[in-house]
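Asker: Here is the input, now give the coordinates:
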Amino acid sequence: MSVDIFEHVEAIKAGVSYFENQDSIIDAVSSLEMMVFLENAFKGRKVKICANYSKASGYHFTIDRPKAGYIVLNSVSGQWHHDNYIEQFLMRIRLCELSSLPYQWVNEQNERNHDIKLLIVHDGDKNYLEARRYFDLYGGVRCDNLCKTIEDFTVSAQLLSQIVQRDMALVRKRSEAPFHHFQSEHTQH
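Answerer: Here you go, the predicted model:
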C-alpha cells in the first residue's frame with residue numbers, strides 16, 4: 001500500500017473513531033468526513049444519502065427522505081473536493097415547478113423570512129421555486145443538531161410549498177375572474 005493511500009485510510013479510521021466517541025465534529029470537514037457525519041446523523045432512519053461529484057460544482061450530497069423529497073447539501077465557498085475543508089454549507093430543496101414567475105411574491109416572502117430564502121431557478125426550459133438555507137460548522141456541531149436543522153428545513157420547505165401552491169392558485173383565480181365575469185355578463189344580454 002502506498003504512503004498516500006495508507007495515510008488516507010488512517011485518516012478515515014481516525015475520523016470514524018472520533019465520530020463514534022464524540023458524536024460531534026469540530027472545525028471544517030472534508031467531503032469524506034461529511035459523508036460519515038451524515039450517515040451517523042441519520043442512523044436508524046429511512047434515508048438514502050448519496051455523494052455526487054460534478055466538474056462544475058465539485059462534491060455535493062443528496063439526502064433522499066421517503067415522502068419528504070430530497071435535499072441537496074453543498075459548499076457555498078467554491079468547489080468541495082475530498083481533501084479540502086469546508087465550514088459553510090447550503091441546503092436546498094425544490095418546492096414546485098412554476099408556470100409563471102412570481103418575482104414580487106418571492107421578494108415579499110424573503111423579506112419576512114430570515115432563515116430560509118426562496119429563489120426562482122431555471123433548469124432547461126422549466127422554472128422551479130427553490131428554498132435555500134445556509135448553515136456553518138464553526139465551533140463544531142453535534143449530529144443530532146445537524147439532523148434537527150435538516151428536519152426543520154424540510155418541514156419549513158413543505159409548508160412553503162403549500163403556501164406557494166395556495167397563493168399561486170389564488171392569483172390564477174383572480175386573473176381568470178374578470179374574464180369569466182365579462183363572459184357571464186355578455187351571455188345575459
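
Asker: ok, residue 73 to residue 63 distance?
Answerer: 7 Å (C-beta to C-beta, to the nearest Å). Every C-beta, even on glycine, is put in place using the N, C-alpha and C of the backbone.

Asker: shared neighbours of those two, anything?
Answerer: Counting by C-beta atoms under 8 Å, 6 or more residues apart in numbering, the residues touching both residue 73 and residue 63 are residue 38.

Asker: Can you name the residues that contact the closest residue to residue 103 other than its chain neighbours?
Answerer: Counting by C-beta to C-beta, 6 or more residues apart in numbering, residue 103 lies nearest to residue 120, which is 7.0 Å off, once chain neighbours are set aside. Applying C-beta under 8 Å, 6+ apart to residue 120 gives the contacts 98, 101, 102, 103, 106, 127, 128, 129, 130.

Asker: try 7 Å this time
Answerer: 98, 101, 103, 106, 127, 129 (C-beta atoms under 7 Å, 6 or more residues apart in numbering).

Asker: Next: residue 157.
Answerer: By C-beta under 7 Å, 6+ apart, residue 157 lies in contact with 93, 95, 131.

Asker: and the strand or helix carrying it, what's its mean pLDDT?
Answerer: Under the criterion of DSSP states H and E, residue 157 resides in helix 143-188. Mean per-residue pLDDT for helix 143-188: 67.

Asker: isn't there a strand covering residue 120?
Answerer: Yes. Secondary structure of residue 120 (DSSP: H, G, I helix; E, B strand; the rest coil): part of a strand.

Asker: Which pLDDT value does the model give it?
Answerer: So, for residue 120, pLDDT stands at 87.

Asker: again, but for the one 10 residues further on
Answerer: Residue 130 carries a pLDDT value of 84.

Asker: so it sits in a strand?
Answerer: Yes. Judged by three-state DSSP, residue 130 forms part of a strand.

Asker: pretty sure it contacts residue 94?
Answerer: Yes. Shown here, residue 130 and residue 94 form a contact pair, counting by C-beta atoms under 7 Å, at 5.2 Å.

Asker: these two touch, right, residue 126 and residue 96?
Answerer: No. Residue 126 is beyond contact range of residue 96, at 10.9 Å (criterion: C-beta under 7 Å).
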